[in-house]
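Asks: Build me a model from this:
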Amino acid sequence: MKEQFIPIFYACDDAFVKFTIVSIHSLIRNASKEHKYKIHILHSGISDEMKNMVNRLENDNFTILFIDVTDYLKSISEKLPLRDYYSKTTYYRLFIAEMFPNYSKALYLDSDTVICGDISELYLTEIGDAYLGACHEQVMVQTREFGAYVEKVVGVSRYNFFNAGMMLINCEQFRLHFVLDKFIDYLHYYNFVVTQDEDYLNLICKDHVYWLDQRWNTETFGHIPYPVEQAQMIHYIMTNKPWHYEDCLFGDIFWKYAKETEVYQELLSIRQSYSDEEKANDAASSVRLTETAIKETNRDDNFLNRINRDKRDKDRVEILRKIDQYELEGRFDEDVENDPPGRMLMPDEIEYVRKTRAEKLKTRVAFKMAHKFIDELIEDKKFIIKDIKGVEHFKNLDCGAIITCNHFNAFDSFAIQLAYEAADQPNRNFWRVIREGNYTSFPGFYGFLMRHCNTLPLSSNAVTMKKFLRGIDELLTNGDYILFYPEQSMWWNYRKPKPLKRGAFQCAARSNAPVLPCFITMKDSDVMGEDGFFVQEYTIHVSAPIYPEPGLPHRIQAEQMMYKNYEQWKEIYEKEYHIPLSYTTTGNTSQLKGFVPGI
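Replies: Below you'll find the predicted structure:
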């Protein structure tokens, strides 16, 4: 549904509404006259005098409403385990989607802001099926203690933690995914004490945030990478309030708007009377908050540790711990999970290309079984493909190619298989390179698929490997596609591109074939898996093919293609996750030499 006006929300009490007036005034001053706006002030008690003062800001484009949330809070009081929290107006923003079921989208703004840009441009941003649009919380990004807190307690990357003082709320998605109910459920389970409702919101909305230009939430904190003149909104966070401190960062902008309001003299009086004792309390409060973050991070029973112990499969938790350790030690090419013990694949046990009639029949049966298996996983939402991007790069190839992909799940090759099928090239076959032990020793149903779904097993036997390489050359010459995992290890749900090995690229160079880089990104879905972790939604990114540079030795061609492949993966990773790619081993780059191009 489309509103006939732009709905904007504030939440405040009688003591804070004077600052809301300045924010609203700045918003009105800079808003486009081509739209109508309806400002809602959520409260549980504001005097008539202050309401009248606010209402005098109205004009032909702006209507202002006061919404008393007291009755609504009473209606859900039986669900709430922490009654005292709901005297805090910051929690009111969680109720917007449910209280206003006719709204499809709404803007929430904190009162300690001034809006310098056209708010209609922000509201009209298309955020798709994201739960909300927001900006990165710079306190978490730029402060080690708070960054560690959100990662070790809330379970959200410091680079993907948003500031909830400006939110473009997708009300339909909030209702569809029961954001309020999830919040109430988490309240029963854990009490976040650092940023409180902001912590809950980030936990619930993890991986479902549309990242808005940071200029729409310019926080008065740390390094700001653009001139303040470009700021669309300034947010006076924490104790950095211009009505308390004459030297407050960007305080002059606040006072420019405040001077044009009825509360100007009162605000000046507040600043003049703000005592040294109160300023000392502010400083002590900042120290206490940092100490609280450190204490919560180190608690054995913090939220994430409790979830890991109580709800998550212990083997999976151990795998994640092992991944952290392997990354720290630079052991990127080692698997973290134990496959069945393997044996050597001998040359007389396999024919890579020229299959017998019986082998071809087994392949048809295996593919039919595999598709039925994957189709059932998809139907049961145990395997979720959200999108395939760049399938035209498959379609535009006129020759055989090496496909590369990150490796994080035993079924991720089926995701690439689906991308290949989406390209609809029936005259070309799709093959996958697998480990020796997976071919020789994997039992049962999975073992049958490993041996017969167009698999090309590696071998520790030199003669068998010569057959493998000849098979690769022949398949590429025939115009087929061959999937390699150049990371040479599988780390469960690991989102970063791991450093690459050269084997796949040497095969491409020797056969004068292109490399087609594929990188799969993932998000938490709403579906909880049997292991206590959310099932991941996959987006398959197919990049432009990388061709060998003519006239160069194969070794140089392979290194160049490996470097370009890694750079394409890195670009996708940083764009999709909004996180700069780095490894915990970066301080000891000797461990990465030979893995990461350029190191």
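Asks: Could you pull out the helices in the stretch 251-400 of the chain for me?
Replies: Ranges of helices within the stretch 251-400 of the chain are 251-258, 264-273, 276-298, 303-310, 314-329, 357-379, 391-395, based on DSSP state H, counting those that start in this stretch.
Asks: Turn those helices into CSV, including mean neighbour count.
Replies: (Glycine included, C-beta is placed from N, CA and C.) As requested, the helices of the stretch 251-400 of the chain are exported to CSV (neighbours: other Cβ atoms under 10 Å):
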stretch, mean neighbour count
helix 251-258, 20
helix 264-273, 13
helix 276-298, 13
helix 303-310, 16
helix 314-329, 15
helix 357-379, 13
helix 391-395, 17
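Asks: can you list those in JSON lines and add mean pLDDT?
Replies: Output for the helices of the stretch 251-400 of the chain, formatted as JSON lines (pLDDT from 0 to 100):
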{"stretch": "helix 251-258", "mean pLDDT": "98"}
{"stretch": "helix 264-273", "mean pLDDT": "97"}
{"stretch": "helix 276-298", "mean pLDDT": "96"}
{"stretch": "helix 303-310", "mean pLDDT": "88"}
{"stretch": "helix 314-329", "mean pLDDT": "93"}
{"stretch": "helix 357-379", "mean pLDDT": "90"}
{"stretch": "helix 391-395", "mean pLDDT": "93"}
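Asks: With distance to residue 95 added, can I get those in CSV?
Replies: Shown next, in CSV, are the helices of the stretch 251-400 of the chain (distance: least, Cβ to Cβ, whole Å):
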stretch, distance to residue 95
helix 251-258, 28
helix 264-273, 29
helix 276-298, 26
helix 303-310, 23
helix 314-329, 34
helix 357-379, 35
helix 391-395, 42
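Asks: buried stuff in the biggest strand by length in the chain?
Replies: Using DSSP state E to define each element, the chain has its longest strand at strand 515-528. Going by neighbour count (16 or more other Cβ atoms under 10 Å), the buried part of strand 515-528 is 515-525.
Asks: which one of these is nearest residue 294?
Replies: Nearest to residue 294 among the buried residues of strand 515-528: residue 524, at 26.9 Å, using Cβ to Cβ.
Asks: Surely that closest one touches residue 538?
Replies: No. Counting by Cβ atoms under 8 Å, residue 524 stays clear of residue 538, with 11.7 Å between them.
Asks: Would you mind confirming that residue 399 is in contact with residue 479?
Replies: Yes. Applying Cβ under 8 Å, one finds residue 399 in contact with residue 479, separated by 6.0 Å.
Asks: Tell me how far residue 365 lies from residue 61.
Replies: Distance of residue 365 to residue 61, given as Cβ to Cβ, to the nearest Å: 68 Å.
Asks: Next: residue 162.
Replies: 29 Å.
Asks: Compare neighbour counts for these two and give me the winner.
Replies: Remark: of residue 162 and residue 61, residue 162 carries more neighbours, 25 against 15, as counted by other Cβ atoms under 10 Å.
Asks: Just give the nearest non-adjacent residue to that one, would you?
Replies: residue 134 (3.6 Å; Cβ to Cβ, 6 or more residues apart in numbering).
Asks: which ones are touching residue 246?
Replies: residue 271 (Cβ atoms under 8 Å, 6 or more residues apart in numbering).
Asks: For it, report the pLDDT, please.
Replies: Listed pLDDT for residue 246 reads 95.
Asks: any chance you could read off phi and psi for it?
Replies: Main-chain torsions, residue 246, degrees, to the nearest 10: phi -70, psi -30.
Asks: ok, back up a step: to residue 574, which of the helices of the stretch 251-400 of the chain lies closest?
Replies: helix 314-329 (17.4 Å).
Asks: buried residues in stretch 234-247?
Replies: So, applying 16+ other Cβ under 10 Å, buried residues of stretch 234-247: 234-237, 239-245.
Asks: Can you tell me which of the residues you listed lies closest to residue 169?
Replies: Using Cβ to Cβ, these come closest to residue 169 at residue 235, 16.9 Å.
Asks: Next one: that closest one relative to residue 207, how far apart?
Replies: 24 Å.
Asks: if I read this right, residue 381 contacts residue 527, doesn't it?
Replies: Yes. Using Cβ under 8 Å, residue 381 is in contact with residue 527, at 4.7 Å.
Asks: any common contacting residues for these two?
Replies: Common contact partners of residue 381 and residue 527 (Cβ under 8 Å, 6+ apart): residue 535.
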